[in-house]
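[1] Provided below for reference: sequence and predicted model.
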Amino acid sequence: MQGKIMLRRILRSKQFMMGLLLVLVLCFIAVFADQLAPHDPNEYHPDARLQAPEWFERGREGYILGTDSTGRDILSRMIIGAKSSMKVALLSTFLSLALGTVLGIIAGFRGGILDIIIMRATEVSMAVPTMTLGVVIMAIFGTSIVNLLIVMVISFWMNFARVARNEVMSIRNREFVQASRALGATSAHIMFTQILPNVTTSLIICTSNCFGSVILVESTLSYLYLGVQLPTASWGNMIAAGKDFLAIAPWTVIVPGIALMIAVMGFNFLGDGLRDVLDPKQTR
């Protein structure tokens, strides 16, 4: 019966269906990027610089979405850019999820001085602009994927921590928790085997929304050449490389810009749809 109710909610949520479709397409492109790219994304063709989109006049052999200022195929770089963005988003989001969830559960369950310290740390993290943090870290330690991940985790872990803490505080005094304490269960056992499963719904929704935000931040940092470094393709550095040719070759900016917009929109739709589907207050 519960499964039928969930299926009805899923089919009724247009946002969820649209977001799921966009995210699945994006994941498919990211996983099979090397096979889908019609050309070598880093191969220069000086004789084909800023060539306009040929669409499908020459099939996969042509430049379907045109070329950039060095003659590289825009479509191939856009596809590889999806792989780069998804890789960074996946690692950043799940590292932030792991750190934020553990600290949030500890803060909500333990309370006291631990709660104060962790919550003040979240407020400090939220007060530091992501772009400023990115510039400082990259200036001190250099540009690399590891440093990019550090920037992302510092910028997003507190979202999961606050969600987990608030959920834990609402259930930490319920009967099943008190019963476990009376039976002698350790705090770690209660937190991560009994309380954690009860906060997963909110964390799933937060994770989906975080994916879109991470992709946007990564593209912004890459636009400033502080994220994914050339010659590796990223939507952000593609836009940065094409901005000087916007008047004569707008496809160099429009194509990666549309890809970025669709990716962020897909994860935002999915997050809002999950909220509708998983909300126990939804009518049947």
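    Done, it's in. Numbering: from 1, shown residues only.
[2] find the nearest non-adjacent residue to residue 67, please.
    residue 51 (4.4 Å; Cβ to Cβ, 6 or more residues apart in numbering). Using the backbone N, CA and C atoms, a C-beta is placed for each residue, glycine as well.
[3] and residue 37, by the same measure?
    Counting by Cβ to Cβ, 6+ apart, the residue nearest residue 37 is residue 76, at 4.0 Å.
[4] next, the nearest residue to residue 49 once chain neighbours are set aside: secondary structure please.
    Counting by Cβ to Cβ, 6+ apart, the nearest residue to residue 49 once its immediate chain neighbours are dropped is residue 71, at 4.9 Å. At residue 71, secondary structure determined by DSSP: H, G, I helix; E, B strand; the rest coil is coil.
[5] how close does residue 168 get to residue 178?
    Going from residue 168 to residue 178 by Cβ to Cβ, to the nearest Å gives 14 Å.
[6] with neighbour numbers in mind, choose between these two.
    residue 168 (24 against 12; other Cβ atoms under 10 Å).
[7] would you agree that one is in contact with residue 111?
    No - in this structure, residue 168 is not within contact of residue 111 by Cβ atoms under 8 Å, at 9.7 Å.
[8] what count of nearby residues applies to the closest residue to residue 269 other than its chain neighbours?
    What sits nearest to residue 269 in space, not counting adjacent residues and going by Cβ to Cβ, 6+ apart, is residue 19, at 3.1 Å. Close neighbours of residue 19, defined as other Cβ under 10 Å, add up to 23.
[9] contacting residues for residue 19?
    208, 266, 267, 268, 269, 270, 271, 272, 273 (Cβ atoms under 8 Å, 6 or more residues apart in numbering).
[10] can I get those in a markdown table including neighbour count, secondary structure and distance to residue 27?
    As requested, the contacts of residue 19 are arranged in a markdown table below (neighbours: other Cβ atoms under 10 Å; DSSP: H, G, I helix; E, B strand; the rest coil; distance: Cβ to Cβ, whole Å):
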| residue | neighbour count | secondary structure | distance to residue 27 |
| --- | --- | --- | --- |
| 208 | 22 | helix | 13 |
| 266 | 24 | helix | 10 |
| 267 | 26 | helix | 11 |
| 268 | 19 | helix | 16 |
| 269 | 23 | helix | 15 |
| 270 | 26 | helix | 11 |
| 271 | 22 | helix | 15 |
| 272 | 18 | helix | 19 |
| 273 | 22 | helix | 16 |
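[11] and the residue nearest to residue 37, which of the three is it?
    Counting by three-state DSSP, the backbone at residue 76 sits in helix.
[12] neighbours around it, how many?
    If you count neighbours by other Cβ under 10 Å, residue 76 ends up with 24.
[13] wait, is residue 244 part of a helix?
    Yes - Residue 244 forms part of a helix when assessed by three-state DSSP.
[14] ok, now which ones touch the residue nearest to residue 37?
    37, 38, 39, 40, 41, 233.
[15] output the below-cut-off pLDDT ranges for this structure.
    Where the chain drops to pLDDT under 70, the residues are 1-3, 5-6, 279-284.
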